[in-house]
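1. Dropping the sequence and predicted coords here.
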Amino acid sequence: MDTFYQVISILTFGFVIALFVWMPTKRDLRRLVAHDGDRDRGLRGQLERRRGRSVTLMLDELNAAVGTAELSGTLEDVDDEWALVERAGKQGGSQLVAVRLEGIRAIEE
């Protein structure tokens, strides 16, 4: 029984060492976040210039509020994380749709 516990201890020690080796460091995580942040800042700037105009946003995936991966409407507001688009509703009214900047693939006018 003593040998069993020694084997378990050695395996546990090995797994702990493997976790330390394979886990990303803070520097790696910051580098990944900074890269996405630069893209979002550039996209935010482009959207700011188009505020109040009619735009078509190509989304990375299907949006539940829209039903497609393409959102057309008037760009109402933009902040650090979200874009607010007003589009024509199904029954004649208007509908406000908020989309995350990270989910926008491209912009068309």
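-> Perfect, I can see it now.
2. The lowest-mean-pLDDT helix or strand in the chain: what's the following helix or strand?
-> Between all helices and strands in the chain, the lowest mean by mean pLDDT, DSSP states H and E belongs to helix 26-49, at a mean of 74. Using DSSP states H and E, the helix or strand that directly follows helix 26-49 along the chain is strand 54-59.
3. In terms of pLDDT, where does the residue lying closest to Q46 once chain neighbours are set aside sit?
-> For Q46, ignoring the flanking residues on the chain, the nearest one in space by C-beta to C-beta, 6 or more residues apart in numbering is I107 at 6.0 Å. For the C-beta atoms, the positions are set from N, CA and C on the backbone; glycine is no exception. Looking at I107, its pLDDT reads 88.
4. Wait, I107 touches R44, no?
-> No: if you go by C-beta atoms under 8 Å, I107 and R44 don't touch, sitting 11.2 Å apart.
5. Settle it for me: which of these two has more neighbours?
-> A count of neighbours by other C-beta atoms under 10 Å puts R44 above the other of I107 and R44, at 18 against 15.
6. How about the more buried one, nearest residue that isn't a chain neighbour?
-> V78 (5.8 Å).
7. and the longest strand anywhere in the chain, which strands flank it?
-> As assigned by DSSP state E, the longest strand anywhere in the chain is strand 70-78. Looking at strand 70-78 with DSSP bridges, its partner strands are strand 54-59 (antiparallel), strand 82-88 (antiparallel).
8. Include distance to P24, mean pLDDT and mean neighbour count when you put those strands into JSON lines, please.
-> Shown next, in JSON lines, are the strands paired with strand 70-78 (distance: least, C-beta to C-beta, whole Å; pLDDT from 0 to 100; neighbours: other C-beta atoms under 10 Å):
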{"stretch": "strand 54-59", "distance to P24": "28", "mean pLDDT": "92", "mean neighbour count": "17"}
{"stretch": "strand 82-88", "distance to P24": "27", "mean pLDDT": "91", "mean neighbour count": "18"}
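9. want to throw those into CSV with distance to L19?
-> Formatted as CSV, the strands paired with strand 70-78 follow (distance: least, C-beta to C-beta, whole Å):
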stretch, distance to L19
strand 54-59, 36
strand 82-88, 35
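10. Done for today, thanks.
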